[in-house]
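Novice: Sharing a model prediction with you, sequence too.
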Amino acid sequence: MISASFLIGSSIGDYDLLDCIGEGAFGTVFRGTHIPTGTGVAVKVLRLGATLEEVREFENEAQLLARLTGTTNVVELLDSQTTSVTNPRLLGSAVPFPIQFHVMELADRSLDYLLAHRDKIPWTERILHYRNVALGVHQMHLRDIVHRDLKSSNCLLFSRPRHVVETKVSDLGRARDLTQASGAQLSSYSIGRGDPRFAPPEFLWMQGIDQGQAHRCSDLYGLGSLLFEVATGQGLTGIALQPRLGIIAADLRLPSSRWPVKYRSRIPEIRNWFDVAYQVFAAELPASIRTEAVALVRQLCDPDPDRRTPYTRAGNSTVPNNDLNWIVRRIDILGKLLTTISQGRHS
């Protein structure tokens, strides 16, 4: 596969490509300029030689972003095109070849950059960024779209007037429209689609399924893992399960028909493994939010996906499947606790 980085300094459509600001699984992101207006934009170009599956996911991202137009906390799609480019240095001739690209609003940086310097970031600011991401996922779920690859590097920061910084969900290449039939083989969903350091544990045991509620519960885990990342800078799954990869591998050497039962039997043990990670998490939290934050992450990241939503003693969910306002309210409690302690110190 050929990187699109050779396009730096050239133009495609109405856009000048100034420099490369990121490389994804099958695309290169450029800082660009919309030539007619001079507006700064982000241009995501599909690499040459992309597979049919990668082309499908690239086009799917544009379709989903178009459906999410008007949301406040999902990155905005400005344009999506296919054009022709000629580069004799690359192909040895002047034969034009097609380039597919998306144009999106230009961010200042991604959330992972901020978290690399998290010790300098007040917790009130960190919680605000986290709330904005949760709101973005809520907006996606309300339109029957699931992200399936939540982590700080897929959350973008935008500077606004009066020192306001907005946080938006981005990188929908692995997202899924729940109103549409599956675009991949059902077996491909068993291991999930995202980074294994942040993946729900059921995916490591090959227990992912292509059902709407399962995908939503995967996003719930992603939100819990993101709060863990906001505190520690690391992925929850990587911390909790990296030392147990040998156990997981041994389980997967069993006949595949036994994997579901094996995973269900492991759930109490997996909860204990996660306890070590939660101790790391708690140590990074301000005392004022420690109890509430740990409780929230424990719920969102329970190895039993059915226990990630609020439920009654009878086992019935207390919220609609696509409603994440309950998470936003829990985050607001964290923000109020932080604000109350801060005001008390200055009174």
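Specialist: Nice, I can see it.
Novice: Could you list the low-pLDDT ranges of this protein?
Specialist: Applying pLDDT under 70 to the chain picks out residues 1-4, 86-95, 183-188, 193, 312-319, 341-347.
Novice: please redo it, this time with the cut-off set to 50
Specialist: 88, 347 (pLDDT under 50).
Novice: residue nearest the centroid of it?
Specialist: Most central residue of the chain, judged by C-alpha distance to the mean C-alpha position with CA atoms, centre = their mean, is L150 at 1.9 Å.
Novice: Need the nearest residue in space to that one, chain neighbours excluded.
Specialist: Nearest residue to L150 in three dimensions, chain neighbours excluded: G222, at 3.0 Å (CB to CB, 6 or more residues apart in numbering). All C-beta atoms are positioned from the backbone trio N, CA, C, and that covers glycine.
Novice: Does the one you found touch F198 like I think?
Specialist: Yes: contact criterion CB atoms under 8 Å: G222 and F198 qualify, at 6.6 Å.
Novice: Spit out the residues that contact these two alike.
Specialist: Counting by CB atoms under 8 Å, 6 or more residues apart in numbering, the shared contacts of G222 and F198 are D149, L150, K151.
Novice: Got the phi and psi for the last one?
Specialist: Okay, so that is K151. Per-residue torsions, K151: phi -170, psi 170 (degrees, to the nearest 10).
Novice: Can you name the helix or strand that the closest residue to it other than its chain neighbours falls in?
Specialist: Nearest non-adjacent residue to K151, counting by CB to CB, 6+ apart: F198, 4.7 Å away. Using DSSP states H and E, no element contains F198; it sits outside every helix and strand.
Novice: what comes up buried for stretch 322-335?
Specialist: By neighbour count on 16 or more other CB atoms under 10 Å, the buried set for stretch 322-335 is N322, L324, I327, R330, I331, L334, G335.
Novice: With stretch 233-242 instead?
Specialist: Q234, G235, L236, T237, G238, I239, A240, L241.
Novice: before we move on, the earlier item: for the residue nearest to the centre of the chain, helix, strand, or coil?
Specialist: Three-state call for L150 (DSSP: H, G, I helix; E, B strand; the rest coil): coil.
Novice: V276 touches R244, doesn't it?
Specialist: No: using CB under 8 Å, V276 is not in contact with R244; the gap is 10.5 Å.
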